[in-house]
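Enquirer: 3D model of this:
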Amino acid sequence: MKIRTKLLLLLTLGLLVPLVLSHLFSANVNFTSMKEMVREDLSTGAEALAGRANDRVNWMIDGMGLVVESVPFESFPEDDLPMALAIPYRQLSSATMVALLDDGGRAVAPPYRPDDADVELLGRERVTDADLEKFSRHVPMELALSASMALGPVYMPSSGSPRMVAAMAFPVSSGDNRWVLAVEYSLQKICDLLKETDPQSSRVARLVDTRGYSLCDVTLDSDGHWMPLPADEAQEIRKMPLGAVTSRDSAGETMLSAVADVRFTAWKLLLEQPEKTAMAPVVRSMMMAVVWIVVCILIAIIGGVVLAKGLSRPISRLEKASVRIAEGDYDLVLDVDSRDELGSLAASFNRMTEEIRTWNAELTERVEDRTRELKQAQEQILQTQKLAAIGELGAGVAHEINNPLTGVLGMAQLLKERTEPGTDTAESIDVIISSARRVAEVVAALLRLSQSQVAPNMRSLEPALLLRESASMFEGRLEERGIEVVWELASECSVFADDGDMRLVFNHLLDNALRSMPQGGTLTLSVSRLEGGAVNISVADSGVGMTEEVRIRAIDPFFTTEAPGSGSKGLGLATVHRVVDEHKGKTLIESEVGKGTRVTIFLPGTVKLSKN
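Expert: All right, here's what the predicted structure looks like:
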């Protein structure tokens, strides 16, 4: 018997018997394992959905707490209280109605309901008079007064998604009385969480309260009243233990289910999947295994024929490839056309080549990054030294100019008092006074630039608030030029800085941005916290931009691209750089001609500790 025949018989018998036995064994093991995996996955999914629903409820509670702490309702005049309630309505994204009550349940001010403008602008649900009546009946006053915070039962409005009233009691300074802030929340966003399950998995998530109402799959009777689940189904759900369970639906089909509690609400989240659907992959794999048994037998027969010829060919390719790699050709990729040891060796060879190529590219990128950082550091040092030298020179020059300048101004004002108004001489004296005052402004700016010490009024500031206040001073120019302002402000970002210095920095940056957009454009103002705690403050415009030569000289004192008489002294960015440097920060200027300029300052951030 030839060796090729022996190899064919050995491969055929060696594959047929083990494959049949392994198929029977693995089918049973896979079915059991798959069922346990589905249960664990359902349990994990139910806990995750319940956790996200709980996070949403907790966000509602925390949002009300922030409103109570930050909005002094009792300080508002009685006529302004209705508009004060618009503050929590706009801040709490799921709110549909807000009311302020005293400890007797009486309205301190009329409840705030959204008008058509609020509904269209904020995307909120409409509130009818019938909804207002339901809202008043579902406010948990007693619980809120006893526990400071309470959640009412879920109910259906005249239209829209289910709603719930959250009430928070807080003291007022006048006497021992307390007020209650009651906010009606739409549960639409919580229901949207349940819809995020994979539709192809045929899983269904339901949220059920203690009364047996399905909160998101709402069923109405012929009169439009909210119908609870059937009594037996609701009772079965209430009795289900937490975790994975097996149940049957109303049609008698076996269901794999998982139950999780939504804390703070006493709701139960039920995640279900038909067992037939869940186990379908195992059944398909069993059928595929049978097909593969036949295929493998055929492959074994064919493989025995080509095995002898197929051993030497891959080894030869590996040898040639190793020579090319040694010569530096890292782009070589071997074709992996087999699943045996030679195929694994070829795949490992490709992974090794890929790793070498990746490390080579990463090393090149690191060198470029370090080179770029070194160049920026050198530019920073050069600009700092230049500002220091100019500052020292400017301080001396300013001192020498101020004395005679004071005399010129004084004598010019005396001459003006002795000269008849309206004459050519009086107009010439006005020109002298105006020019002298402009020189004084330049001298003052030069002195400011030469000061190299941190301001004494350092404290924790929120740059986002200061940036908004500074921008409000430029509203007229913004509207005049048709400039759109885009805000990207992160909350709770604070720096340790001087209030006046920060306003000066923001005013210079905003003024420069507006000057670069004479025909209008987009002004983007952003504040964010970086990894490590630093705060990133950016002012970006879509103006004319700068060339690289102009960008490098942008922070040089008295350097400006503005035309004479424009009012620009060329000290704006120089002052910004000096102030930021004094605050242990860094200034970064990025610009491209025709696309705009972005000035970013990085300042050390502060950590705001909670009262607890």
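
Enquirer: hmm, which helix or strand of the chain has the shakiest average pLDDT?
Expert: Of all helical and strand segments in the chain, the minimum by mean pLDDT, DSSP states H and E falls on helix 231-239, at a mean of 64.

Enquirer: surely Arg113 meets Leu132?
Expert: Yes. Between Arg113 and Leu132 there is a contact at 6.8 Å, judged by Cβ atoms under 8 Å. C-betas here are computed from N, CA, C, even on glycine.

Enquirer: Ramachandran coordinates for the residue nearest in space to the middle of the chain?
Expert: By Cα atoms, centre = their mean, the chain has its centre lying nearest to Ala490, at 8.4 Å. Per-residue torsions, Ala490: phi -80, psi 150 (degrees, to the nearest 10).

Enquirer: Looking at per-residue confidence, what score does it get?
Expert: Ala490 is assigned a pLDDT of 84 by the prediction.

Enquirer: show me what contacts it?
Expert: 464, 527-529 (Cβ atoms under 8 Å, 6 or more residues apart in numbering).

Enquirer: which among the residues you listed end up buried?
Expert: 464, 527 (16 or more other Cβ atoms under 10 Å).

Enquirer: From Thr524, how far off is the residue nearest to the centre of the chain?
Expert: Distance, Ala490 to Thr524, using Cβ to Cβ, to the nearest Å: 14 Å.

Enquirer: Ala361: which of the contacts of Ala490 is nearest?
Expert: The nearest member of the contacts of Ala490 to Ala361, counting by Cβ to Cβ, is Ser528 at 29.6 Å.

Enquirer: which SSE is the closest one in?
Expert: Using DSSP states H and E, Ser528 sits in strand 521-529.

Enquirer: re the thing from before, which one of the contacts of Ala490 is nearest to Trp267?
Expert: Closest approach between the contacts of Ala490 and Trp267, by Cβ to Cβ: Arg529, at 34.4 Å.

Enquirer: partner residues bridging that closest one?
Expert: Beta-bridge partners recorded for Arg529 (DSSP bridges): Val535.

Enquirer: Could you check how far it is from Lys416?
Expert: From Arg529 to Lys416 the distance is 55 Å (Cβ to Cβ).

Enquirer: Ala150 now?
Expert: Here the criterion is Cβ to Cβ. By it, Ala150 lies 74 Å from Lys416.

Enquirer: ok, now Thr246?
Expert: 99 Å.

Enquirer: what about the two, which has more around it?
Expert: The neighbour comparison of Thr246 against Lys416 (other Cβ atoms under 10 Å) goes to Lys416, with 16 against 11.

Enquirer: I'd like the mean pLDDT over the host helix or strand of that one, please.
Expert: Using DSSP H and E, Lys416 sits in helix 341-418. Across helix 341-418, the average pLDDT comes to 73.

Enquirer: What of stretch 577-597?
Expert: Averaging pLDDT along stretch 577-597 gives 89.

Enquirer: Give the buried residues for it.
Expert: Per 16+ other Cβ under 10 Å, stretch 577-597 contains these buried residues: 577-583, 585-587, 589, 591, 596-597.
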